[in-house]
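Asker: Model the following, please.
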Amino acid sequence: MIKRIQNLLVLTLVAATLTACGSGRTAETRMIKQVTDGVEAQSNEIRLRNVLIVKNENSEGVLVGTLVNWSDEADAITGISINGQPVTQSAPRYELGKNKPVIFAGESANADAFTTLTQTPGERIPIVFTFEKASPVTLDALIVENLEWYKDLLRYKPSAVVTP
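Answerer: A predicted model of the protein is given here:
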């Protein structure tokens, strides 16, 4: 009976080691941060998630990403530039209320931003978000091709956008 318990303990230890489950806070599986092509950042209580650029067949770079304000104090996106150029966007500013996401591109989109791109998919270029209250954020975002899984994301209407 004791031999069986010892064998069971050894097998449990080996299984935990091989699966990288490790020990709690330092486990390899807990250290995964980025699980998408998009990049992430934070400014004060504003979280930027899955930010990337999809280049379509017209050489337009369409901004994809979600911004969420976790603060009780409202803020606003007052400017966006991609590779140093101001983007064309669907509103001159986007309000960031607490837990009310601003979503660029996709079925749930409530904002649109795009610019002309000369870079190719696979390259990274800077995107700068400026806010009314929070500090500006610069991201090194990936340009991806307008492949099958991005086609439904690109729902902007060029006639409905404004340049700030």
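Asker: And this structure, what are its domain boundaries?
Answerer: The chain is divided into the following domains under automatic domain parsing: 1-32, 39-160.
Asker: secondary structure class for Gly61?
Answerer: Three-state assignment for Gly61 (DSSP: H, G, I helix; E, B strand; the rest coil): strand.
Asker: Just grab the bridge partners of it for me.
Answerer: Beta bridges link Gly61 to Lys55, Thr115, judged by DSSP bridges.
Asker: Would you check how far apart it and Ile53 are?
Answerer: 4 Å (CB to CB, to the nearest Å). The C-beta positions use only the backbone N, C-alpha and C, and glycine is treated the same way.
Asker: Can you check which residues contact both of those two?
Answerer: Overlap between the contact sets of Gly61 and Ile53, as judged by CB atoms under 8 Å, 6 or more residues apart in numbering, is given by Ile82, Leu117, Ile143.
Asker: Out of the domains of the chain, which is the most enclosed?
Answerer: Ranked by mean neighbour count, the domains of the chain are led by domain 39-160 with a mean of 17 (mean count of other CB atoms under 10 Å).
Asker: If I look at the most centrally placed residue in the chain, what pLDDT would I see?
Answerer: The chain has Asn50 as the residue nearest its centroid, 1.4 Å off, counting by CA atoms, centre = their mean. Per-residue confidence (pLDDT) for Asn50: 93.
Asker: re the thing from before, mean pLDDT lowest where, among the domains of the chain?
Answerer: Lowest mean pLDDT of those: domain 1-32, a mean of 68.
Asker: List the contacts of stretch 95-106.
Answerer: Under CB under 8 Å, 6+ apart, the answer for stretch 95-106 is 46, 54, 62-77, 94, 109-113, 131, 152-156.
Asker: try it again with 6 Å
Answerer: Here stretch 95-106 makes contact (CB atoms under 6 Å, 6 or more residues apart in numbering) with 62-69, 72, 74-76, 94, 109-111, 113, 153.
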